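Asker: everything below, folded, please.
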Amino acid sequence: MNYDEMAVILKALADPKRLKIIDLLTGGSLCACELLKHFDFTQPTLSHHMKILEKAGVVMVTKKGIWHHYQLTEDFIRQFLDSQMQLFGISKLSTDR
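Answerer: The predicted structure is shown next:
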């Protein structure tokens, strides 16, 4: 596990608004205009949050026309889950509890 990379990701996740953005993106790619409907802040503020998530490798952005569309990266999902399981000494997730 790369602790420096994980720290960057955890710092990016350590904001309630960014956690909500991630939650919204679990349903698939969304345009910035669609994300803004869920918040009481401006487009520049959303852009700031998205740059933090993008720099951490959590989201990727594609430009379609004038809009930016965001989605979670597969690498982030896989690496985050794997690293958390490794950190807590879990060899596999068990549903038998």
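Asker: for this structure, what spans make up the strands?
Answerer: Assigned by DSSP state E, the strands in the chain fall at 30-31, 59-64, 67-72.
Asker: mean pLDDT and mean neighbour count for those - can I get that in a markdown table?
Answerer: (C-beta placed from N, C-alpha, C; glycine too.) Below are the strands of the chain laid out as a markdown table (pLDDT from 0 to 100; neighbours: other Cβ atoms under 10 Å):
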| stretch | mean pLDDT | mean neighbour count |
| --- | --- | --- |
| strand 30-31 | 96 | 18 |
| strand 59-64 | 94 | 14 |
| strand 67-72 | 94 | 18 |
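Asker: need these in TSV with distance to residue 17, can you?
Answerer: Output for these, formatted as TSV (distance: least, Cβ to Cβ, whole Å):
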stretch	distance to residue 17
strand 30-31	14
strand 59-64	13
strand 67-72	14
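Asker: nearest to residue 1, out of the ones you listed?
Answerer: strand 67-72 (19.9 Å; Cβ to Cβ).
Asker: pairing partners for the closest one, with directions?
Answerer: If you go by DSSP bridges, strand 67-72 pairs up with strand 30-31 (antiparallel), strand 59-64 (antiparallel).
Asker: adding distance to residue 2, write those strands out as TSV.
Answerer: Formatted as TSV, the strands paired with strand 67-72 follow (distance: least, Cβ to Cβ, whole Å):
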stretch	distance to residue 2
strand 30-31	28
strand 59-64	19
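Asker: and residue 47, which of those strands is closest to it?
Answerer: Nearest to residue 47, of the strands paired with strand 67-72 and by Cβ to Cβ, is strand 59-64 at 10.1 Å.
Asker: center of this structure - which residue?
Answerer: Centroid-nearest residue in the chain: residue 58, 4.0 Å away (criterion: Cα atoms, centre = their mean).
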